[in-house]
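Asker: Need coordinates for the following:
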Amino acid sequence: MRGDTLATWRLAQSLRTDVLLPQPVVAEIEYGLARLPRSERKRRLRKRFSLLLGEIIRAEWTDAVSLAFGEIKASLESRGARLEDFDVAIAAHALAYPAILVTDNISQMSRIQGLRVENWRDRPSGS
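Answerer: Numbering: from 1, shown residues only. All right, here's what the predicted structure looks like:
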């Protein structure tokens, strides 16, 4: 949503079928947009969001995602390392599909065992 040049480039280099947008991400983006006052910025972001929704396949919330959610949340709590439920839900999608989670929140998400994470705002290895 920020229009980061490197992240946008990495997205453009990916096959359309290789990138999935988890439903909790859709909800969080909509929440952020709904909170913004009416403005040109909100209009531009809403347009960008509509473009994303038209181009990126959604990762559905399945039973496998729900089971992964329960396992992740219980594991984090037992270690005293809580995360917001939506972050856990997003990670659960990545584990259930299985997929690499692309996030700016590497430090928090890397606490989840077995979750593979990347930050597309960073330069890829070997670049």
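Asker: Count the neighbours of I112 for me.
Answerer: Neighbour count for I112, taken as other CB atoms under 10 Å: 24. Yep, even glycine has a C-beta here, placed from its N, CA and C like the rest.
Asker: Let me know the secondary structure of it.
Answerer: coil (DSSP: H, G, I helix; E, B strand; the rest coil).
Asker: Now it: closest residue in space that isn't a chain neighbour?
Answerer: Closest residue to I112 apart from its sequence neighbours, by CB to CB, 6 or more residues apart in numbering: A91 at 4.9 Å.
Asker: Tell me how far that neighbour lies from S50.
Answerer: As judged by CB to CB, to the nearest Å, A91 and S50 stand 26 Å apart.
Asker: Kindly report the same for R16.
Answerer: Distance, R16 to S50, using CB to CB: 17 Å.
Asker: Could you name the helices and strands sitting against the lowest-mean-pLDDT helix or strand in the chain?
Answerer: In the chain, no helix or strand scores lower on mean pLDDT, DSSP states H and E than helix 5-13, which sits at a mean of 75. The criterion is 3 or more CB pairs under 8 Å, 6 or more residues apart in numbering; DSSP states H and E, and there are no helices or strands that helix 5-13 contacts.
Asker: after that helix, next one along is what?
Answerer: Under the assignment DSSP states H and E, the closest C-terminal helix or strand after helix 5-13 is strand 20-22.
Asker: neighbouring contacts of the helix or strand that that next one is followed by?
Answerer: The helix or strand immediately downstream of strand 20-22 is helix 23-35, counting by DSSP H and E. Residues from elsewhere that reach helix 23-35 (CB atoms under 8 Å, 6 or more residues apart in numbering): 1, 42, 45-46, 49, 52-53, 58-61, 86, 89-90, 93.
Asker: Show me the helices in this protein, by range?
Answerer: Here the chain has its helices, by DSSP state H, at 5-13, 23-35, 40-55, 63-78, 85-96, 106-109.
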